[in-house]
Structure formats: C-alpha cells, structure tokens
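Chemist: model this:
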Amino acid sequence: MSKFIEITISTTHEASELLSDVLWNYTDLGVVINDIEDVIELSKDGRAWDYADESVFKADKTVLIKAYFPIESASQTISELERELQSFKQNAFLDFGTLETVKREIDGDLWREQWKEHFKPIPIGKIVIVPEWIKYKAKDNEIPVYLDSNMAFGTGEHETTSMCVAFLDKYVKSDDTVLDVGCGSGILGISASKLGAKKVIMTDIDECAVVATEHNMKLNGVTNGTVMLKNLLDDNTVKGDVIACNIMADVLIAFAPYISNNLNDNGIIILSGILVERLTAVKDAYLKAGFNFVEESIKGEWSAVVFKKGEQA
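Modeler: Numbers count the residues shown, from 1 in each chain. Below you'll find the predicted structure:
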C-alpha cells in the first residue's frame, strides 16, 4: 500500500485561498481547506443542510489547510514549502495566522477516503457543484456541474468562485460566447455552458489546468467547449460576449488595458479573486480602460465586480 505525508497548516480565512494556490504548486495529490466560515456562509441560503448544531457556529475560526505528498519526495518538497511560508511570515501583506505546520504519515487508501469526505454538493443559485463520485439527484430547476476534485484547482467552495458562478447565472444569454480566462478546473466555463451559453472557450497557461478542464468537460457532457493552452491576451482573434476571470487582483489590473480586445461590443466582464482592500484599485483600472461599472458583490474578505464594454450600463 502506498504511503503519503499529510501536512496541515494553520491559517486564516483571509489567507486560505492564496495558501491553497501555493500548495498546489508543490503537489498534485490534493489540497483540502477546513474553514468554519464556509459552513456559516453555506448555512445562509437554507439549502446546504437540514440541521446544524449551534456549537458549529461557535467553533474556532482557525482555518486548516491540508496537502498530501508522496513519501519518497516529501522531505525536500516540504522543506521548500516551509521556506516559502516563512517568507510569508516575514512579509505579512495578509493576516496569515500562525502558519503552524503539522506532519503525519498516512496510508494511501485512508488518504483518498479522508480527502473525499471533505467535498459535498455546493449550491450556487441554480448551479450545484457536485463531486463526481457522489450520486446526486437534482431538485427542480437545479443544474448539477460535476467536478473531479481529485484534480487541481477550484471546486466552488471559495467565495471568489461562487460569486463568479452567481454572476454567470445572471448575465449569460443563450446566444453568448463565454470566455473563461485562467480556467483551472473549468468550473466557470462548464457552468456557463450548462446555463445555456452557445459556446465556451476556456484558456489557461498551466497544462495541468487544460487536462483538468478537458476531463471535467467530459464528466459533464459539454460538447460546445474549447480548451486552449495559452494566454488569452496573446490572441485577439478569440472574442466573447462574456469574459469571466477569477484571478488575483494584480493580474486583473494588468489585464485591464488589453482585455477589451477579446470582448465584443456591449459585452460583460466578470472579475473575481479580489481582496476587498484591492477592489477600488481594480475598479479604477477598468474604469480608466473605458469599461462601465455595473455592479459588485462582497463575501467575507473577497469581492467580485461586473463591467460592461460600450454603452453605459
């Protein structure tokens, strides 16, 4: 039986998404976020569960992020990771919490079962994100999107993804071409397809993301999607009516002067992955680039914003 090293890092809700992205740079075996804030957020829509004990909502707010490594290479990999974590402590641009790490050895089969236990169906408006190993019976008007969460990238748990999906639900029309920039798991493009988009084009500069997206497209029977290994901004022949970008604020700001080339007139752009304190900077960059502000959404420490190209929204 294969053995693995599980590392658990103590952090904060604010830093959890960034740290999970960092961990995916060191492993492709799995990253899990245990965050009571996600439980609290899901409880607000009334569909997440029938009953939750009140003690759940009074639990410690420390976020635990777990990642898994082959035992053969774990020592060197984890040493490199710990050096990066130490750098975060020294350059504390976010509240990272203690960044305390705990390591343990586990058997492969145990790891796989424990890892799967963390993933449950996640309702986001009409869309329900469903781990592919769960047999889910959709309720009236629900649209299931199946993801193989054994693979890297977004699963729909985080506020940045859920806000993007909610905006896609609101703005995607049946004759739209939707671009998912930095597609990761393909969750946004696949959701757009299932919401009725005529065509979806998903791009990423990470080959693992392209593989994950192609796999998840097959799981969902998406036949109107194309996945490209490229920086979208390098090809202004690829155009859409809606562009969705769930990327960190600095990258979104860098996109602002150029991304109009990939958006049709009167098109919509949905931006997420933005810490609340960076929202003004992102909005200023897109207003300066000639986009018209439509609306914004804030959940916890994170925000998303919608702009329109062309006529006033």
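Chemist: what pLDDT does residue 198 get?
Modeler: You'll see residue 198 listed with a pLDDT of 96.
Chemist: Also residue 183?
Modeler: Residue 183 carries a pLDDT score of 88 in this model.
Chemist: Residue 203 now?
Modeler: You'll see residue 203 listed with a pLDDT of 93.
Chemist: The helix or strand containing it - contacts with which helices or strands?
Modeler: With elements taken from DSSP states H and E, the one containing residue 203 is strand 199-204. On a contact count with 3 or more CB pairs under 8 Å, 6 or more residues apart in numbering; DSSP states H and E, strand 199-204 meets strand 177-181, helix 187-194, helix 207-219, strand 225-229. For the C-beta atoms, the positions are set from N, CA and C on the backbone; glycine is no exception.
Chemist: which residues sit against that strand?
Modeler: Strand 199-204 is touched from outside by 176-184, 186, 188-190, 192-193, 210, 213, 222, 224-232, 238, 240, with contacts defined as CB atoms under 8 Å, 6 or more residues apart in numbering.
Chemist: between the helices and strands packed on strand 199-204, which one is nearest to residue 8?
Modeler: Comparing the helices and strands packed on strand 199-204 by their distance to residue 8 (CB to CB), the top pick is helix 207-219, with 23.4 Å.
Chemist: Output that closest one as PDB - backbone C-alpha positions only.
Modeler: What follows is helix 207-219 as a C-alpha-only set of coordinates in PDB (Å, rounded to 0.1, in the frame of the first residue of the first chain):
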ATOM      1  CA  GLU A 207      -1.000  22.500 -18.800                       C
ATOM      2  CA  CYS A 208      -2.400  20.700 -15.700                       C
ATOM      3  CA  ALA A 209      -5.400  23.100 -15.900                       C
ATOM      4  CA  VAL A 210      -6.100  22.200 -19.500                       C
ATOM      5  CA  VAL A 211      -6.000  18.500 -18.600                       C
ATOM      6  CA  ALA A 212      -8.300  19.100 -15.600                       C
ATOM      7  CA  THR A 213     -10.800  21.100 -17.700                       C
ATOM      8  CA  GLU A 214     -10.900  18.600 -20.500                       C
ATOM      9  CA  HIS A 215     -11.600  15.800 -18.000                       C
ATOM     10  CA  ASN A 216     -14.400  17.800 -16.300                       C
ATOM     11  CA  MET A 217     -16.000  18.700 -19.600                       C
ATOM     12  CA  LYS A 218     -16.300  15.000 -20.400                       C
ATOM     13  CA  LEU A 219     -17.800  14.400 -17.000                       C
END
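Chemist: Show me which positions of that helix end up buried.
Modeler: Buried residues in helix 207-219, counted by 16 or more other CB atoms under 10 Å: 209-210, 212-213, 215-217.
Chemist: for the record, mean pLDDT for it?
Modeler: The average of the pLDDT scores along helix 207-219 is 88.
Chemist: tilt between that helix and helix 187-194?
Modeler: For helix 207-219 against helix 187-194, the angle between stretch directions is 30 degrees (axes from the mean of the first three to the mean of the last three CA atoms, to 10 degrees).
Chemist: Helix 207-219 vs strand 225-229, what angle?
Modeler: Angle, helix 207-219 to strand 225-229, by the same axes, to 10 degrees: 170 degrees.
Chemist: Let's have the helices and strands packed on strand 199-204 in a markdown table, adding distance to residue 33.
Modeler: Shown next, in a markdown table, are the helices and strands packed on strand 199-204 (distance: least, CB to CB, whole Å):
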| stretch | distance to residue 33 |
| --- | --- |
| strand 177-181 | 22 |
| helix 187-194 | 15 |
| helix 207-219 | 18 |
| strand 225-229 | 26 |
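Chemist: Which of these sits closest to residue 264?
Modeler: Closest approach to residue 264 among those is made by strand 177-181 (7.8 Å; CB to CB).
Chemist: Tabulate the CA atom coordinates of that closest one in CSV.
Modeler: Written as CSV, here are the backbone C-alpha positions of strand 177-181 (Å, rounded to 0.1, in the frame of the first residue of the first chain):
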residue,chain,number,x,y,z
THR,A,177,-19.9,33.0,-26.3
VAL,A,178,-18.3,32.9,-22.9
LEU,A,179,-14.5,33.1,-22.2
ASP,A,180,-13.2,31.5,-19.0
VAL,A,181,-9.7,33.1,-18.5
